[in-house]
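Undergrad: Build me a model from this:
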Amino acid sequence: MHASIIFLLVLLMAGCGPAPRPDAGTADASGWQGRQPPQSTEEWLAAARGWQAQAQSHSRQGKPANALWLKAADAYARAGDNASAEALLTRLQSPLDTSERIAADLVRARVALNRQSASEALAWLTLRDEEIPPALKTDFYRLQGEALAQLQVWLDAALAYQKAASWLADDRQAHALYQRIFQALSRVDSQQLRQALTDENGSYRRYPEFLGWVAFTLAVRDSLNQPEKLRENLAQWRRFYPLHPASADFLQQSEAQLPVQLNPPRQVALLLPLQGPYRPPARAVEQGVLTRLFQDASPVDLRIYPISDQPGDVLPSYQQAVADGADWVVGPLLKPQVQVLRDAQLPVPVLALNETESSDQEQPGLGNPALFHFALSPEDEAGQMARLMWQRGMRHSLLLVPEDARGQRVEQAFRASYEPLGGTVVAVGRYNPVKADHSSLLKRLLQVDASEQRRRALQRLLGKKLEFEPRARDDVDGIFLFANAVQARQLRPQLKFHRAGRLPVFATSAVWQGREEPEQDRDLNGVMFCDMPWLHGMGDTQPRRQTLARQLPEAGGGLGRFHALGMDILPVLSYLPWMREHPAFRLPAATGRLRLEGSRIRRGLTCFRFRKGRPEWFARVELPAEDDSDDAGLLPQTPDTAPYP
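TA: Now for the predicted structure:
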């Protein structure tokens, strides 16, 4: 849909402008009434101790003290002192009035967020708007936004932040929420944003100011690679939204931070193993780069250097590319070859398409300052799934990984993200990736064999046969699975057979082979995974992908991920200087929403779950289905058929 049509639709829905701001007396939460609240942990602790002393004094004198206890508990929670906050809530004198009860729930929600338990926080934030006292609305919606952001439900998080901002009279505090609105919307897929704008019967239509933020985000995203178009889009947006909060100083500050001048490379050398066993993924990457080059009519001088899969072949090819005048070298694809470049002197920067064992610790200037990493890393995906499971309230998990070096790396990556949050890996099942029957392993992992042993012991003791239903262990609340599509189709039914159907299963993108096969994938119903938008035809990638899939087999299926990787290489090189200076910036791309962290390009992925044998994108938190093993544990949330080192 053309941008001007989108603007017109939202203008018609918005009327003359945003709702008026509330009076200062009702806008500020926590009793500050227009005064600047504390800004640091130390200041919040000092405020908490002051209110606690006042509450103690009132209690000794027999005066009502609930309001003071609540202020002190809230301040302790804001300072991160969860124990003190919870202790003070026990001092409240019953019965509580409505405002006191809601204020206490807000403290509990803040404590849950401090503990990274977003699901628990949302359980305390279930009131309808008309049930929330005006003085508490900013805090209520801000906490709701933070919980939804932890769960990566970005569109609804942005809406909650907008509701919070609408009850603030203090422009400085409102501006901080505007930043959060824009940052949350920047993580939402374009297709979802446009759907929110154009759905006449959608729930977002009731919030015209929020839809203005959505249109603003699309205006920026639609012209990110085109500075002149960016200026035109923002000017047009201003004309349609002169009274919108983003039309004031926020827009001016945001414009100053946008990359209106990029630095595309002049000559790029592409080092790929186009011979031997890694030719299929290397060829898909090559085709992706060429696709982008021709579609964008890019002036980049691209030179391709075929190399073998031997580590010793990469450095001479790199040196030849430098001698030929390259100002960026892209590749290699294999870990041992990346390691060779990591240990070499690199006069020209390198964007490697894999990682070394120490990539996580590498920072420009600390490791090799000329080496960057842009990879389809299963270890990176495992870390993201660990954080997602924690945010969904899963504190005790089982792991199922292959008994090989890759499985070991993925297990370590999962633990490295999960355990520092407080999660516990209760047990790990390491399966043989070439076997189909994993019954013995799963019985031990799920402790079904222990249940059967107890039955046999009781039968010997009582001397008679007992009616018996084996039970799986009940000390875990989720399973992380690292398997390709074929392996997952074998493991998931066996998990159900051994009484683990109630446990939600989270997997890496390897669980889906990049094309819909609903009959074969029906056994995966309920499995959740996160993947790049390209293979799922989401947002702006859909028309381009449909066209390419008819022309290039590499653009879809299991090799489609490598094709998307190739398509993103030239934009990444253009934006990399900007990304180094602005770590919060995210580049919408075929492989995800990209940001630079140290020397690594990190990918923000889109989450799916299998339903009726097909990956189904989700945007909202969903409740677990009751006793439905196909959909057990569902929450609002590839096959690696090609070899990848």
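Undergrad: Counting by contacts, list what the helix or strand that contains Gln191 packs against.
TA: Counting by DSSP states H and E, the element that carries Gln191 is helix 190-198. When contacts are defined as 3 or more C-beta pairs under 8 Å, 6 or more residues apart in numbering; DSSP states H and E, helix 190-198 sits against helix 3-14, helix 154-166, helix 208-221. For every residue, glycine as well, the C-beta is placed using N, CA and C.
Undergrad: Point me to the helix or strand that includes Pro571.
TA: Using DSSP H and E, Pro571 sits within helix 560-581.
Undergrad: Let me know the next secondary structure element after that helix.
TA: Next element after helix 560-581 (DSSP H and E): strand 587-589.
Undergrad: chain center to that next one: distance?
TA: How far strand 587-589 lies from its chain's middle: 14 Å, per C-alpha atoms, centre = their mean, to the nearest Å.
Undergrad: So for it, mean pLDDT?
TA: Computed over strand 587-589, the mean pLDDT rounds to 84.
Undergrad: can you pull the buried residues of that strand?
TA: By neighbour count with 16 or more other C-beta atoms under 10 Å, strand 587-589 contains the buried residues Leu587, Pro588, Ala589.
Undergrad: For the residue lying closest to the first one once chain neighbours are set aside, identify the helix or strand it belongs to.
TA: Computed as C-beta to C-beta, 6 or more residues apart in numbering, the closest residue to Leu587 that is not its neighbour in sequence is Leu594, at 4.4 Å. In the assignment (DSSP H and E), Leu594 maps to strand 592-597.
Undergrad: Which neighbouring elements make contact with whichever helix or strand comes after that strand?
TA: Scanning forward in sequence from strand 592-597 by DSSP H and E, the next helix or strand is strand 600-604. When contacts are defined as 3+ C-beta pairs under 8 Å, 6+ apart, strand 600-604 sits against strand 371-373, helix 378-391, strand 592-597.
Undergrad: for the ones you listed, which one sits closest to Gln192?
TA: Comparison of these against Gln192 by C-beta to C-beta identifies strand 592-597 as nearest, at 12.6 Å.
Undergrad: can you list the residues that contact the closest one?
TA: Residues from elsewhere that reach strand 592-597 (C-beta atoms under 8 Å, 6 or more residues apart in numbering): 186-187, 372, 532-533, 568, 572, 576, 579-580, 583-587, 601-606.
Undergrad: From the residues you listed, keep the buried residues only.
TA: 186-187, 372, 532-533, 568, 572, 576, 579, 585-587, 601-606.
Undergrad: Now render the buried residues of strand 587-589 as a markdown table, adding distance to Ala488.
TA: Below are the buried residues of strand 587-589 laid out as a markdown table (distance: C-beta to C-beta, whole Å):
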| residue | distance to Ala488 |
| --- | --- |
| Leu587 | 31 |
| Pro588 | 29 |
| Ala589 | 27 |
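Undergrad: average pLDDT for stretch 66-80?
TA: Across stretch 66-80, pLDDT averages out at 94.
Undergrad: Ok, stretch 378-395 next?
TA: Stretch 378-395 comes out at a mean pLDDT of 89.
Undergrad: do the same with stretch 207-223
TA: Across stretch 207-223, the average pLDDT comes to 86.
Undergrad: cool, and stretch 171-185?
TA: The average of the pLDDT scores along stretch 171-185 is 85.
Undergrad: repeat for stretch 146-159
TA: Mean pLDDT, computed over stretch 146-159, is 91.
Undergrad: Over to stretch 489-502?
TA: Stretch 489-502 comes out at a mean pLDDT of 90.
Undergrad: Could you list the low-confidence segments of the stretch 351-500 of the chain?
TA: When residues are selected by pLDDT under 70, those of the stretch 351-500 of the chain lie in 357-367, 449-471.
Undergrad: how about the helices of it, start to end?
TA: Assigned by DSSP state H, counting those that start in this stretch, the stretch 351-500 of the chain shows helices spanning 378-391, 405-418, 439-446, 448-462, 485-495.
Undergrad: Quick one: the ones you listed as TSV, columns for distance to Leu270 and mean neighbour count too.
TA: Output for the helices of the stretch 351-500 of the chain, formatted as TSV (distance: least, C-beta to C-beta, whole Å; neighbours: other C-beta atoms under 10 Å):
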stretch	distance to Leu270	mean neighbour count
helix 378-391	22	23
helix 405-418	26	19
helix 439-446	42	18
helix 448-462	51	13
helix 485-495	29	21
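Undergrad: closest to Gly558 out of these?
TA: The nearest among these, by C-beta to C-beta, is helix 485-495 at 8.7 Å.
Undergrad: by contact count, what packs against the helix or strand following that closest one?
TA: Next in sequence after helix 485-495, counting helices and strands by DSSP H and E, comes strand 505-507. Strand 505-507 sits against helix 378-391, strand 478-481, helix 485-495, strand 528-531, with contacts defined as 3+ C-beta pairs under 8 Å, 6+ apart.
Undergrad: Quick check: buried residues in the helix holding Gln191?
TA: Those would be Ser190, Gln191, Gln192, Leu193, Arg194, Ala196, Leu197, Thr198, for helix 190-198 by 16+ other C-beta under 10 Å.
Undergrad: Of those residues, just say which sits nearest to Val285.
TA: Distances from Val285 to the buried residues of helix 190-198, taken by C-beta to C-beta, are shortest for Ser190, at 24.4 Å.
Undergrad: give me the number of residues near Glu597?
TA: By other C-beta atoms under 10 Å, the residues close to Glu597 number 11.
Undergrad: how near is it to Gln412?
TA: According to C-beta to C-beta, to the nearest Å, Glu597 stands 18 Å off from Gln412.
Undergrad: what's the answer for Arg101, then?
TA: Distance, Arg101 to Gln412, by C-beta to C-beta: 45 Å.
Undergrad: Ok, Ala436 next?
TA: Ala436 is 27 Å from Gln412, by C-beta to C-beta.
Undergrad: next one: Leu495
TA: 23 Å.
Undergrad: next one: Leu446
TA: From Leu446 to Gln412 the distance is 23 Å (C-beta to C-beta).
Undergrad: With Met579 instead?
TA: Distance, Met579 to Gln412, by C-beta to C-beta: 27 Å.
Undergrad: Same check on Thr291?
TA: Thr291 is 35 Å from Gln412, by C-beta to C-beta.
Undergrad: before we move on, the earlier item: with only the CA atoms kept, save the helix holding Gln191 in CSV.
TA: Presented in CSV, the C-alpha positions along helix 190-198 are these (Å, rounded to 0.1, in the frame of the first residue of the first chain):
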residue,chain,number,x,y,z
SER,A,190,6.2,-4.3,8.6
GLN,A,191,3.3,-6.7,7.7
GLN,A,192,2.0,-6.6,11.2
LEU,A,193,2.3,-2.8,11.4
ARG,A,194,0.4,-2.3,8.2
GLN,A,195,-2.3,-4.8,9.4
ALA,A,196,-2.7,-2.7,12.6
LEU,A,197,-3.1,0.4,10.4
THR,A,198,-5.6,-0.9,7.9
